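**Q** Build me a model from this:
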Amino acid sequence: MDYLVMVATALGRFLINPIVYLTLLLAVFLGYRRVKRERSHFHIRIQHGATELHSTIKESLGYALLLSFISVGAGLVVPSTFLLYLTAVTVVLSITLVVASLSPMYTIALTVAAIALARWQDLPQYLGDADITQAFMPIVLLTGLFVLVEGVLIRRAYRNGLTPSLQKTKRGLHAIVYRLRKVWLLPVFMVIPSGPLQAIAPYWPQFTLGASDFSLVLFPIVIGTALTSRKRMPDAVFTAYGKCVTTLGLLLILSATIVYYVPLAFWVIITVGAVMRAGLSLYFVWRERADSYAVAPSAKGIMIAAVLPDSPAEKMGLQLGECIVKVNGQPVTNEDELYEALQINAAYCRLEVLDYQQEMRQAQHAVFAEDHYRIGIIAADPHGRRR
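**A** Have a look, this model is predicted:
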């Protein structure tokens, strides 16, 4: 029963943490900005405006449960002071609306820096405190786990929040870039020493391991990511980006072993980790800045910039980056010709599509009365200019 009370109390404290509501508001803001951009560039909303809000916890909840199991099961005790500073840092970064700064690597590195600055006068004595140095290994290990989950989320869940945008090329034509601005919220149970918490909240439930008392807190870990792809297809960019972030997380987890034997290596590992995380972001930004576009208007047909959810195009398996060459046997080069060709057979739609590997395939779909009169694609040439 005591454990149930402890979990219920932790859940209550979680619900009054400002990070939770700031993150949800940030998700709403990102959805609003995405829809506004889609309507401005394509005169249509591609995904619902609440997509980012719905996916903020839904996509990450399973990982949060796994992290909680590891954190509590392994007894990874972190100081309550660390969580208080982490709360302040996360709140400040959330208010700036710089989504990319909300990587756990950045927030934890800034938290460590803030604690060091706050204790600058007595830092040598602070670092010599055994209770403090014992927390170094759990912090590095948790940081690695959070970054690992960040990489997995980027690889698997980036599509909810990815949006195409028009960009002018140097030749004055329009091409497509894909922007991702997304946040996830992970409610993770953590173990903290009861001493400091009992001093300010004597009612807080606690449990005993050996000669020490501990408490559980449910802490909101925020993961934010931002990147733009244009030179390569989004699948290739975000899969590679996620793999690199995952690798960094694994390196941090392995480095926790070093911190266990050499506690002061903690400062070097956290610093190097933050630098490497920033380096990964800069590398992928630089790599995608070349003046070439994976998705741009094509003389071969109609290049698909996006596919609307639950549309005939989605049911036919059409993908962004593919090129519609013929519709019902008629060659098409713009949207006007596309929808004229669709009227040839109002009950059935047959497409010849050139995929991203330049291989031709056919896609077919029976057109029903409830289907939209358009098949549900966003063309890379939104104005339907004839070429």
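**Q** Name the SS class of Y356, please.
**A** Look at Y356: counting by DSSP: H, G, I helix; E, B strand; the rest coil, its state is coil.
**Q** contacting residues for it?
**A** Counting by Cβ atoms under 8 Å, 6 or more residues apart in numbering, Y356 makes contact with 233, 294, 319, 321-322. For glycine as for every other residue, the C-beta is placed from the backbone atoms N, C-alpha and C.
**Q** likewise R361?
**A** 352-353, 355.
**Q** from the residues you listed, which single one is nearest E52?
**A** Taking Cβ to Cβ as the measure, E52 sits nearest to D355 out of the contacts of R361, at 29.0 Å.
**Q** Please report the distance of the spatially closest residue to the closest one that is not a sequence neighbour from V295.
**A** The spatial neighbour of D355 that comes closest, neighbours along the chain excluded (Cβ to Cβ, 6 or more residues apart in numbering), is E322 at 5.2 Å. Distance from E322 to V295, counting by Cβ to Cβ, to the nearest Å: 10 Å.
**Q** Can you pull the residues that touch both of the two?
**A** Joint contacts of E322 and V295 (Cβ under 8 Å, 6+ apart) are 303-304.
**Q** buried set for the longest helix along the chain?
**A** Longest helix of the chain, by residue count under DSSP state H: helix 234-261. Residues of helix 234-261 classed as buried by neighbour count (16 or more other Cβ atoms under 10 Å): 234-235, 237-238, 240-242, 244-246, 248-249, 251-253, 255-256, 259-260.
**Q** Helix, strand, or coil at E52?
**A** E52 ends up helix, using three-state DSSP.
**Q** Adjust the sequence numbering to begin at 38 for everything that follows.
**A** From this message on, residue numbering opens at 38, which makes the last subject E89.
**Q** Run a quick neighbour tally on it.
**A** By other Cβ atoms under 10 Å, the residues close to E89 number 26.
**Q** Does it touch R71 like I think?
**A** Yes. Counting by Cβ atoms under 8 Å, R71 is a contact partner of E89 at 7.2 Å.
**Q** where are the low-confidence patches of this structure?
**A** 38-51, 157-170, 209, 231-251, 383-384, 404-411, 419-424 (pLDDT under 70).
**Q** Which residue ranges of it form helices?
**A** 39-52, 55-79, 88-95, 98-110, 117-133, 141-155, 160-164, 167-170, 173-194, 231-237, 271-298, 302-324, 349-352, 372-379.
**Q** Please give the centre-to-centre distance between the fourth one and its chain.
**A** By that I understand helix 98-110. With Cα atoms, centre = their mean, to the nearest Å as the basis, helix 98-110 stands 18 Å off its chain's centre.
**Q** repeat for the longest one
**A** Helix 271-298 has its average C-alpha position 15 Å from the chain's average C-alpha position, going by Cα atoms, centre = their mean.
**Q** for the helices of the chain, which one sits closest to S202?
**A** helix 55-79 (5.8 Å).
**Q** contacts for that closest one?
**A** 51, 81-90, 93, 124, 127-128, 131-132, 134, 136, 198, 200-203, 216, 218-220, 222, 257, 259, 261, 342-343, 415, 419.
**Q** Now the buried members of these.
**A** 51, 83-84, 86, 88-90, 93, 124, 127, 131, 136, 198, 200-203, 216, 218-220, 222, 257, 259, 261, 342-343, 415, 419.
**Q** what's the burial count for F66?
**A** The burial count for F66: 16, using other Cβ under 10 Å.
**Q** scratch that, L147 is what I was asking about
**A** For L147, using other Cβ under 10 Å, the count is 19.
**Q** How about D373?
**A** 12.
**Q** any idea how far it is from G181?
**A** 54 Å.
**Q** thinking again about what came up before, please report which of the contacts of Y393 has the highest neighbour count.
**A** E359 (24 neighbours).
**Q** which residues sit in contact with that residue?
**A** E359 touches 340-341, 390-393, counting by Cβ under 8 Å, 6+ apart.
**Q** at 10 Å instead, please
**A** 332, 338-341, 344, 350, 388, 390-394, 398, 400, 414 (Cβ atoms under 10 Å, 6 or more residues apart in numbering).
**Q** can you check I412 too?
**A** Counting by Cβ under 10 Å, 6+ apart, I412 has contacts 344-345, 348-353, 355, 361, 364, 375-376, 379, 386, 388, 400, 402, 404.
**Q** Now that we have the residues you listed, which of them are buried?
**A** 344-345, 348-351, 353, 355, 361, 364, 375, 379, 386, 388, 400, 402, 404.
**Q** Got the domain ranges for this structure?
**A** Annotated domains of the chain cover 39-324, 339-416 [automatic domain parsing].
**Q** relative to helix 55-79, how tilted is the longest strand anywhere in the chain?
**A** The longest strand of the chain (DSSP state E) is strand 211-230. Between strand 211-230 and helix 55-79, the angle comes out at 170 degrees (axes from the mean of the first three to the mean of the last three Cα atoms, to 10 degrees).
**Q** Distance-wise, check the residue located most distally from the centre of the chain relative to E372.
**A** Note on the chain: the largest C-alpha distance from the chain mean falls to I381, namely 43.1 Å (Cα atoms, centre = their mean). Noted for I381: a distance of 16 Å to E372, by Cβ to Cβ.
**Q** try T206
**A** 20 Å.
**Q** who's more crowded, these two?
**A** More neighbours surround E372 than the other of T206 and E372, with 19 against 13 (other Cβ under 10 Å).
**Q** Hmm, that one is touching A342, no?
**A** No. In this structure E372 lies outside contact range of A342 using Cβ atoms under 10 Å: 11.5 Å.
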